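In: output the structure for:
(2 chains)
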Amino acid sequence: MSAGTFDFSNVDWSEIGQATLDTLAMLGGSMALTIALGLPLGVILFLTGKGQMLENRLANSALSLLVNVLRSVPFVILLIVMIPLTVTLVGTSLGVAGAIPPLVAGAAPFFARLVETALREVDKGVVEASFAMGAKRRQVVLGALLPEALPGLIAAATVTAIALVGYTAMAGVVGAGGLGDLAVRFGYQRFQTDVMIVTVVLMLLLVQAVQMVGDAVVRRVSHR
Amino acid sequence: MIAFEAVSKTYPAQDGRASGHAALREVSLSVAAGEVFGVIGASGAGKSTLIRLINGLETPSGGRVVVDGDDVAALGVEGLRALRRRVGMIFQHFNLLSGKTVAQNVAFPLKLAGRPAADVKARTAELLERVGLTAHADKYPAQLSGGQKQRVGIARALATGPKVLLCDEATSALDPETTEQILDLISGLNRELGLTIVLITHEMDVVRRVCDRVAVLEAGRVVEEGAVEDVFLHPASDTARRFVREADGEAATAPGVGGRLVRLTFKGEATYKPVLGEVARTTGVDYSILGGRIHRLRETPYGQLTLALTGGDVDAAIKSFEASGVRVDDLTGEAAR
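Out: You can find the predicted model right below:
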């Protein structure tokens, strides 16, 4: 690569295409599971908290500890220490499938905390009014608490999805593929600056798209 | 309809404090079916706790709360839910679901009760009509004024056809004009649906406009209870006197004014009769008006004047006042009140 004649000759567009699909697959798969695990976890964290309807100090402390432990392990380390568990769960520690368990383990506790915060923002009066109308606990949670927190929950999901984009890039370390993997192996290790630029731009566009969609949905569901 | 039997409520000690906080101490009250019962007190007097004991949002630490024949604390989960469908509640800050439309808010308690969709729709339309919000059915609470939000709150509270309506400072966040409209609406519900209403407030004016009876709460105790006109015209406790004064302004006393100091209380028809002039002419007394107020208690007009009587036959004048249906209190010994 000589000065003045910079071009995109190193870029294998079909490989870029495949890597983009891999990143999207990792993001989609891990996001779905993160919500499936993190949302109930966040709800339970909230409900067992002080002054809440299922107040339970022991359960709350235990869950809180679990969340804090998972959140304090750097994601790169989590990727590696989870390899045995990942193999047990999905049969491989490689590729998109192998990346999803550590991605979920990294993102679900993060999302759960954001869910807990979003639920705390809900006016306590609304919960009280629901009970006063004769609602069961389940009805209060599903009919009042979660719908009232919906804008906050979607904002939380947006933030989590963007964090996951960053995590998928690191997942390249364990052979997960995707845009981050391409950036490291070609852009960094082989000094192919053009590949680096293309992958970074694509990830940037992905983050932008996630944020814009998230913001649009929040606006749509918010009636404050 | 509602009875408090020596009810106490003590909140457990918070971290760092040695003993719990007693919100209510040995409160006994009874509210008859179909009456509008007011509970007035300063903030922290225990009003919120008292009203929440009625629908089981709070549980008593001692004593019993009996509502519509049921001991609230003895009801199971299902029994309590059934009771709550018979006891509607409205709130100072309305507590509407911000993500649901007006119609969806009103429909919410019906859906919670598992009513079929067609019933929910018909009943919601009827309730919105009743509170005058039919045109706003598809708006969200954020698009409404405070008065409109409270109307949604009222429609929602009425959805399950309750016998009792609890009003938790329902007009405290509203401006005077809107307050009047909401109080009129509440009075109308009492008259037309025979609803028993318990309202808590810190404004004597609210009590005067809508209540039949009132209890005055001070530091968790009922310090005075009775018909609104008695408490209003002849408050016996310092707390009640303070609230009356807030609503009506100071009944002025003028130090140094001679003669006999009396307070005249007119009620109903007597309020508009030319009693003062008549009595002055026939008994030869002179009077100076030191203070006074003329208002309405619900539909009854009343007036209260503080006079200094001099010259002529003061005792005869007092007898003539009493003969015309005016209550006379001699204030000479207690002018400072």
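
In: any idea where the helices of the chain begin and end?
Out: No chain in the question, so chain A it is. All helices of chain A, identified by DSSP state H, fall at A:13-47, A:57-72, A:75-81, A:83-90, A:95-120, A:124-132, A:137-139, A:146-170, A:179-182, A:193-221.

In: I was thinking of chain B, sorry if that wasn't clear
Out: With helices called from DSSP H, chain B shows them at B:47-54, B:77-86, B:102-112, B:117-130, B:146-158, B:176-193, B:204-210, B:228-233, B:238-248, B:275-283, B:314-323.

In: can you flag the weakest of those helices by average pLDDT?
Out: Across the helices of chain B, helix B:238-248 has the smallest mean pLDDT, namely a mean of 83.

In: what's in contact with it?
Out: The contact list for helix B:238-248 (Cβ atoms under 8 Å, 6 or more residues apart in numbering or on different chains) reads B:40-42, B:203-205, B:208, B:216, B:218, B:223-224, B:231-232, B:235, B:251, B:293, B:295, B:337. Every C-beta, even on glycine, is put in place using the N, C-alpha and C of the backbone.

In: for it, buried residues please.
Out: Residues B:239-241, B:243-244, B:247-248 are the ones in helix B:238-248 that count as buried (16 or more other Cβ atoms under 10 Å in any protein chain shown).

In: between the residues you listed, which is closest to chain A?
Out: Nearest to chain A among those, counting by Cβ to the nearest Cβ, is B:Phe243 at 25.9 Å.

In: run through who's touching stretch B:186-198.
Out: B:1-2, B:31-39, B:51, B:54, B:154, B:158, B:162-167, B:170, B:199, B:209-210, B:298.

In: just the CA coordinates for stretch B:135-150, please, in CSV.
Out: The C-alpha trace of stretch B:135-150 is given here as CSV (Å, rounded to 0.1, in the frame of the first residue of the first chain):
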residue,chain,number,x,y,z
ALA,B,135,-65.6,14.1,23.5
HIS,B,136,-62.2,13.3,25.1
ALA,B,137,-62.5,9.5,25.2
ASP,B,138,-59.5,8.9,22.9
LYS,B,139,-57.2,11.5,24.4
TYR,B,140,-54.3,10.6,26.8
PRO,B,141,-54.3,12.0,30.3
ALA,B,142,-51.3,14.3,29.5
GLN,B,143,-53.6,16.2,27.0
LEU,B,144,-56.2,17.0,29.7
SER,B,145,-56.6,19.8,32.3
GLY,B,146,-56.4,19.0,36.0
GLY,B,147,-60.2,19.1,36.4
GLN,B,148,-60.7,16.8,33.4
LYS,B,149,-58.1,14.3,34.8
GLN,B,150,-60.0,14.2,38.1
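
In: that stretch: how far from the chain's middle?
Out: 25 Å (Cα atoms, centre = their mean, to the nearest Å).

In: coming back round to it: quick check on the contacts of helix B:238-248: which are buried?
Out: Burial by neighbour count, 16+ other Cβ under 10 Å: within the contacts of helix B:238-248 this picks out B:40-41, B:203-205, B:208, B:216, B:218, B:223-224, B:231-232, B:235, B:251, B:295.

In: which of those sit farthest apart?
Out: Using Cβ to Cβ, the pair of these lying farthest apart is B:Glu218 and B:His295, separated by 23.9 Å.

In: residues of chain A that sit close to chain B?
Out: A:123, A:125-126, A:128-136, A:139, A:143-144, A:147-148, A:150, A:221-224 (Cβ under 8 Å from any Cβ of the partner chain).

In: again, only this time at 7 Å
Out: A:123, A:125-126, A:128-129, A:131-135, A:139, A:143-144, A:147-148, A:150, A:221, A:223-224 (Cβ under 7 Å from any Cβ of the partner chain).

In: which of the contacts of stretch B:186-198 count as buried?
Out: When neighbours are counted using 16+ other Cβ under 10 Å, the contacts of stretch B:186-198 contain these buried positions: B:1-2, B:31, B:35-39, B:51, B:54, B:154, B:158, B:162-167, B:170, B:199, B:209-210.

In: these two touch, right, A:Glu92 and A:Gly98?
Out: Small correction: residue A:92 is Thr, not Glu. Yes - between A:Thr92 and A:Gly98 there is a contact at 4.8 Å, judged by Cβ atoms under 7 Å.
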